[in-house]
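Visitor: pasting the sequence and the predicted coordinates here, then a few questions.
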Amino acid sequence: MSNKPTTYNFLEHAMLRKMKEKHQDWIWNRSDTHIILGVPGTIDGLRTPVEPGNSFSPGPGTYGVSTWIYNQGELHAPETKPIEELDWCFTDGHIPIVKSAWNAGGINVSSRLFTTGDAQISDIRDYFAVELENATDKTAEASFYLVIRSVGPAGGPIRSLSYKNSNVIINDRPSLLALEEPSGFGAVCYEKTGKDIGCFLKAGTMPNETEAEDDTPWDGSMFYKLKQTAGENPEGATWVSGALEYKLTLEPGEKKELFFICHVQAGHWMLNWLPPLEKPSKPAREFFEEEELKYKTFWTDRLSFDIKTPDARFTNAIYSQITHLYMFTVHNLPRISSISYPLWWLRDGSYAVTALDKAGLHEMSRDACLYVKDKTCFGGFGSEADGPGQMIWIMSEHYLLTKDESFLREMWPTIEKCADFIEKMITATGPVKTFTEHMTPYLVMEPNMDIPCIASKDGLIMGRMDNHFALIWVNLFSWFGLTRSAICASALGLDEEAKKYQALADKLSSAIERKSKEVFGENDRDVNIAYWPSGWAKRDDAFINSKFDEFWNTVRCPDGKHSPEPLWTYFEAGQAHNNLLRGRRDLSWVSIEHFLTNHTAPGLYSYHEGECDENSSLQWQRLRGWDEIRYVTPHGWTAAELFHLLRDCLIREEDEGLVIGSGIPESWLSSDFSVKNIPTYFGKASFCYSPKDKTLTVKTEDPKTNVRHELLGTVEIVR
């Protein structure tokens, strides 16, 4: 055994920083924002992080792909452009074919990128199309480069690089297929030259070498070993880079299209069953568009409800939240954010599962419930006291949406166990313990991770949530869980159990009401739970409403100026939902307008959490990219909260019926709008509004379902 020290890639970010300090003139990754594409159900290792300009990495820890243009003596790269110059959007506003557009000295660069494949055999592929258009009135002579580098949105080590039979060979594996032959290919070994491919491309030239390889020991996995013998610098190894060059002569208005396919994680040692990428027999554009159409159909089928509103931002936002959430899923389990949170965190996950369920993805939500049916509480912060209520929420919500009694019978032991655990916390005379292995790495050694609560006080659970005692939040989620347990017991004909849990809920509600007079509003989370999702507070409760108004006037909108939540964006979405349900549509829309207008990834309706690598799982630190971690994004709790909010603006459940239009603004009433086949507790519902005769035509699966509206003005409901 060698006694020489070995460095594994746990600290890629540290080495990347050294390289950036050493080569400040290189073109580096943006690391300002990103989204993450993926096939629903695949693991995080098969995701594709994408930065503005559609620079991407085909799997975490692989390599970076970028589109650069040399035109009129200047190299143009999206990595160097202000984000305002990089248009970004989903196809049709929400289908995750990511479209980017920017200008390279008179040449318009447009691209489309999507990730699809067979999740069962881990055969996942990135399809990438680039269109180059001469937007000037003169002939353009330029070069387009498809750049392959170790650094990227989520890059990794490149030891060798070459081009053969239309394939870019990376680390001895065919990884990227060019559907049209390039004018040339060049590769650079940093270990031998001290240069990156950009050093050549900035001058509009290509390196003479068509293949490159360094001498770093390599075992074929991302856990490579770096040499640390005398005189060698580990941060300089495995930085081979290269580019495909396409020389262009474009007349005014002329366009050129290029198409590429990447195998996600093609270089992994175990994925040796993946078929090699081969050129299709049909023309490249025809082939690409066929794959693109199949992908669009997949998403159209999944997003089975139809929404048309006068505000395209609203429509795109409600769909896009489900798009992000569904792409996050791993084997039908929710994730808060790919790579950043490689675990199911119950609190955030409960919002995500119920959102996906309300979007009609019932099978996914059912599987998620089945997976955790033996648990009571779990998450990144260990066993937390709001967990049992959230467990009951996701299971009862699935039943209410599907009326699947066999599912409810299977889940009843879990619901009962969680409800009994809530009772145990209410009556606790000392610390209550339960263990979970779902934890973030930095909290594993904390001594309280198996303690959801301590001795109760004043009839209330003294429970831990977000590393503190969130009194109102914990107890309202527990009350919510007990009321839902009673509903489920009644549905199964378990009358005694229903009476038991409703009595417990009533007793807890009284204790909450008494304590609220003293403490409600002291914790910002209070205004995220009272009306939604718990349903505890009443619209005519003057005291609770005064506390909401106080929060609004001092925190969210001091001196009449909106102050958006800078860190925990899901909390503002939750506050807006609570404002909606207490009848303050006006306040709710201040926040809604903010979410519709401002996105962490501009144009893609994504949002963030925190201001660094929040609750780090230490996964990004292993990658060559996202090294300037500003926040966690996209964030699933915010996506779920926003979907729930926008959905309830359109249609929501109340007691024994449906309410339409609680959050529809008055400005919409001069236009047509409609919702078709959206899941509710009363089956799928549809409605359409006609401004001509001010009628709201409503269809429900059960014609006897009670329906009322909260549209502003006089509107007649037609059944």
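Guide: Yes, it's here. Numbering: from 1, shown residues only.
Visitor: can you give me the helices in the stretch 251-400 of the chain?
Guide: 284-302, 312-328, 346-358, 362-371, 387-402 (DSSP state H, counting those that start in this stretch).
Visitor: quick check: buried residues in the first one?
Guide: Residues of helix 284-302 classed as buried under the neighbour-count rule (16 or more other CB atoms under 10 Å) are 284, 287, 288, 291, 292, 295, 296, 299, 302. (C-beta placed from N, C-alpha, C; glycine too.)
Visitor: doesn't residue 260 make contact with the first one?
Guide: No - using CB atoms under 8 Å as the test, residue 284 is too far from residue 260 to be in contact (9.5 Å).
Visitor: reformat the helices of the stretch 251-400 of the chain as CSV; add distance to residue 29.
Guide: Shown next, in CSV, are those (distance: least, CB to CB, whole Å):
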stretch, distance to residue 29
helix 284-302, 26
helix 312-328, 22
helix 346-358, 27
helix 362-371, 33
helix 387-402, 37
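Visitor: any idea which of these gets closest to residue 90?
Guide: The closest of the helices of the stretch 251-400 of the chain to residue 90 is helix 312-328. By CB to CB, the value is 6.4 Å.
Visitor: secondary structure element for residue 482?
Guide: Residue 482 is part of helix 471-491, with elements assigned from DSSP states H and E.
Visitor: quick check: which helices or strands does that helix pack against?
Guide: helix 387-402, helix 405-426, strand 460-465, helix 495-519 (3 or more CB pairs under 8 Å, 6 or more residues apart in numbering; DSSP states H and E).
Visitor: model confidence over the third one, on average?
Guide: Strand 460-465 shows a mean pLDDT of 98 in the predicted model.
Visitor: pLDDT on stretch 287-302, on average?
Guide: On average, the pLDDT along stretch 287-302 is 97.
Visitor: so what touches that stretch?
Guide: Contacts with stretch 287-302, where a contact means CB atoms under 8 Å, 6 or more residues apart in numbering, come from 40, 91-92, 95-97, 112, 114, 116, 127, 129, 179, 259, 280, 282, 323, 326, 361.
Visitor: if we can go back for a sec, name the residues contacting each of residue 284 and residue 260.
Guide: The contact lists of residue 284 and residue 260 share residue 179, where a contact means CB under 8 Å, 6+ apart.
Visitor: just to revisit the earlier point, can you redo the helices and strands packed on helix 471-491 as TSV with mean neighbour count and distance to residue 588?
Guide: TSV is the format used below for the helices and strands packed on helix 471-491 (neighbours: other CB atoms under 10 Å; distance: least, CB to CB, whole Å):
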stretch	mean neighbour count	distance to residue 588
helix 387-402	26	22
helix 405-426	19	30
strand 460-465	25	24
helix 495-519	16	22
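Visitor: which among the ones you listed is found nearest to residue 437?
Guide: Comparison of the helices and strands packed on helix 471-491 against residue 437 by CB to CB identifies helix 387-402 as nearest, at 13.9 Å.
Visitor: which of the contacts of stretch 287-302 are buried? Put it as a ChimeraX command.
Guide: In ChimeraX syntax, the buried subset of those is picked out as below (16+ other CB under 10 Å):
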select :40,91,95,96,97,112,114,116,127,129,179,259,323,326,361
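Visitor: circling back to that earlier point, and of the helices of the stretch 251-400 of the chain, who's closest to residue 715?
Guide: Proximity to residue 715, assessed across the helices of the stretch 251-400 of the chain by CB to CB, is greatest for helix 312-328 (18.9 Å).
Visitor: list the buried residues in the closest one.
Guide: For helix 312-328, burial by neighbour count (16+ other CB under 10 Å) applies to 313-328.
Visitor: just stretch 82-92 next, same as before
Guide: 86, 88, 89, 90, 91.
Visitor: count of neighbours near residue 205?
Guide: Using other CB atoms under 10 Å, residue 205 has 13 neighbouring residues.
Visitor: residues contacting it?
Guide: Listed by CB under 8 Å, 6+ apart, residue 205 has no contact partners.
Visitor: how far away is it from residue 390?
Guide: 59 Å (CB to CB, to the nearest Å).
Visitor: likewise for residue 619?
Guide: Computed with CB to CB, the distance linking residue 619 and residue 390 is 25 Å.
Visitor: burial measure for the nearest residue to residue 106 once chain neighbours are set aside, as a count.
Guide: Of all residues beyond its chain neighbours, the one nearest residue 106 is residue 136 (4.2 Å), with distances taken as CB to CB, 6 or more residues apart in numbering. Residues within reach of residue 136, counting by other CB under 10 Å, total 17.
Visitor: check which helix or strand covers residue 136.
Guide: Counting by DSSP H and E, residue 136 is found in no helix or strand.
Visitor: surely it is in contact with residue 108?
Guide: No - Residue 136 is not in contact with residue 108 according to CB under 8 Å; the separation is 9.9 Å.
Visitor: and of the buried residues of helix 284-302, the nearest to residue 246?
Guide: Among the buried residues of helix 284-302, residue 284 lies closest to residue 246 (CB to CB), at 13.0 Å.
Visitor: contacts only, for that closest one.
Guide: 179, 180, 257, 259.
Visitor: how about the second one, what does it touch?
Guide: So the one you mean is residue 180. Contacts of residue 180 by CB under 8 Å, 6+ apart are 246, 258, 259, 284.
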